[in-house]
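Colleague: Sequence first, then the predicted structure, then my questions.
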Amino acid sequence: MRIETLFTPNEIDEAAVKGKAVAIIDVLRVCTTIAYALSNGCERIIPVESVEAATNLTASLDKKVTLLGGEKEGKRIDGFNLGNSPLEYAPEVVKGKTIIMATTNGTRAIWKSQAAKEVLIASFVNMSSVVDHVSRIEDLLTIVCAGKQGRFAMEDAVCAGMLIDRLAAGNSVDLSDGANAARALYSMNQKSVAQTIRDCEHGRYLRSIGFENDLEVCSKVDSLKILPVVREGRIDRQKRSRKT
């Protein structure tokens, strides 16, 4: 298995993703939030590139079953139903609903990966589901870290390293320099994932604006058994493995 790792969406071009499986990682918080929303009964999530795109799309959908979710600078966008905290996406809020989602980093990474063969949503909370799927059906994987505003983010790189380390345990792997670097970062932080998330730049920022509880949720490895996948611009649950 060939594994490449990109540390920001700025590194994505068509050659990096075309014909490959892509795993998007945005630990804080959109990939964690997507996993929670789908686990709690959300019907589908539509990621968009901007607030304007979200509001425009909402006008064409049934408002009774459609919610707007997203953040700017970590906070809920004015006029949106939900922010980017996984704790907001409770069953009584999202069950049976379509969520249009716009975030600073994660949804941008998803959009830039559209040329991929398939796009998976990965985080600490659903790590085993991602590993199981990739190890059984893929031989080319590009991991895309969402980063923070076009810059490297420690929590995403460590999560990428965990994914690589687990895949390497059961497969023969050929790692890019970026993948080797992510694996090394994970090796240094594997016994303190929760503390790494608290201490990283974005973790410190989220704590400063009142989202400390989110950090605990986002650090719970394998707390969910779900694999969100992107199909034709929509994110829903992977129901069965696709043979290639």
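Modeller: Ah, there it is.

Colleague: where does the protein dip in pLDDT?
Modeller: Applying pLDDT under 70 to the chain picks out residues 240-244.

Colleague: Could you find the closest non-adjacent residue to the residue nearest the centre of it?
Modeller: Nearest to the geometric centre of the chain sits residue 31, at 2.7 Å (CA atoms, centre = their mean). Of all residues not flanking residue 31 in the chain, residue 123 sits nearest, at 4.1 Å (CB to CB, 6 or more residues apart in numbering). Every residue, glycine included, has its C-beta placed from N, CA and C.

Colleague: My read is that that neighbour contacts residue 23, right?
Modeller: No. Assessed by CB atoms under 8 Å, residue 123 is found out of contact with residue 23, at 9.8 Å.

Colleague: which one of those two has more residues nearby?
Modeller: A count of neighbours by other CB atoms under 10 Å puts residue 123 above the other of residue 123 and residue 23, at 34 against 29.

Colleague: could you point out the longest helix in this protein?
Modeller: helix 154-170 (DSSP state H).

Colleague: tell me which residues in that helix are buried?
Modeller: 154-168 (16 or more other CB atoms under 10 Å).

Colleague: helices or strands next to that helix in the packing?
Modeller: strand 2-6, strand 21-25, helix 127-137, strand 140-145, helix 177-189, helix 193-199, helix 201-208 (3 or more CB pairs under 8 Å, 6 or more residues apart in numbering; DSSP states H and E).

Colleague: Beyond that helix, next helix or strand please.
Modeller: For helix 154-170, the succeeding helix or strand toward the C-terminus, using DSSP states H and E, is strand 174-175.

Colleague: end-to-end on stretch 123-143?
Modeller: 11 Å (CA to CA, to the nearest Å).

Colleague: Okay, buried residues for that stretch please.
Modeller: 123-127, 129-131, 133-135, 138, 140-143.

Colleague: what's the most distant pair in those?
Modeller: The distance between the two most remote of those (CB to CB) is 24.9 Å, for 125 and 140.

Colleague: For the closest residue to residue 98 other than its chain neighbours, list the residues it contacts.
Modeller: Take residue 98 and drop its neighbours on the chain: the residue closest to it by CB to CB, 6+ apart is residue 66, 4.9 Å away. Listed by CB atoms under 8 Å, 6 or more residues apart in numbering, the contact set of residue 66 reads 58, 97, 98, 99, 100.
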